[in-house]
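J.: no sequence on this one, just coordinates:
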């Protein structure tokens, strides 16, 4: 049975526009196999060889001094591509991160054969997905955490690996919630987790009232069955089964 491999990816950068010379400074990835989080991670700080905008520093808190001894993007590019190869890569606001990654690849690749992230994997944009599911609402990562009950209390500053981990929880909630159906009902006393606790309804709970049809409703129903009988040549199943409703 083939396994579904998904990578949740996020980046931090020196600013907002690669066209203005801004660069990637952090890459964080976590792995899902068949919708279950694994221990497999890719996390790398990157020396951008340029200053970090003050506005960007306010968002992620990563300074140029922290990156002075970190590798350049060219030193980690092959490892990144190997990590995402063949996977479905899930990114919140994918055009931003993919735009930066492809810019970095262009800077280190021969002009005649530039590398693009999409050539090595497929890309899913959870922001686009969220806008389809929740039109007219705020769909940034913090808003989605509140909407789906995902704990992001450790997110005082943005960080690529932390945001990837949070996005993994949000993505799973957006696309189906829990991955093990009825896991919360498993009986912990069984030791194996294989038995389910069966919860019965309270026998003293009053039954819901079922109103009887009125004479007018019965007459309408009879007329409807006659019409079906006429159109089907007497093959109205309701009549054949004798299922005439009782008052």
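T.: Good, I have the coordinates. Quick caveat, the model's predicted, so the values are computed rather than measured.

J.: just checking, what packs against the top helix by length along the chain?
T.: Ranked by residue count and defined by DSSP state H, the top helix of the chain is helix 215-232. Helices and strands touching helix 215-232, as assessed by 3 or more CB pairs under 8 Å, 6 or more residues apart in numbering; DSSP states H and E, comprise helix 237-240. Glycine gets a C-beta too; all of them are placed from N, C-alpha and C.

J.: show me the helices in the protein, by range?
T.: Counting by DSSP H, one finds helices in the chain at the ranges 54-60, 64-67, 73-84, 94-108, 126-133, 141-148, 160-174, 215-232, 237-240.

J.: with mean pLDDT as added columns, please give those in CSV.
T.: Written out in CSV, the entries for those read as follows (pLDDT from 0 to 100):
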stretch, mean pLDDT
helix 54-60, 92
helix 64-67, 94
helix 73-84, 96
helix 94-108, 96
helix 126-133, 96
helix 141-148, 94
helix 160-174, 95
helix 215-232, 83
helix 237-240, 66
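
J.: most neighbours per residue, which of those?
T.: helix 160-174 (a mean of 21; mean count of other CB atoms under 10 Å).

J.: residues contacting that one, please?
T.: Outside helix 160-174, the residues within contact range by CB atoms under 8 Å, 6 or more residues apart in numbering are 8-12, 26-30, 32, 35, 37, 41, 43, 90, 92, 126, 129-130, 133, 141, 144-145, 148-152, 154-155, 178-179.

J.: give me the neighbour count for residue 88.
T.: Residue neighbour count, defined by other CB atoms under 10 Å, stands at 15 for residue 88.

J.: now do residue 132 against residue 7, distance only.
T.: 22 Å (CB to CB, to the nearest Å).

J.: sorry, wrong one. I was asking about residue 52.
T.: Between residue 52 and residue 7 the distance is 26 Å, computed by CB to CB.

J.: next: residue 45.
T.: Counting by CB to CB, the gap from residue 45 to residue 7 is 19 Å.
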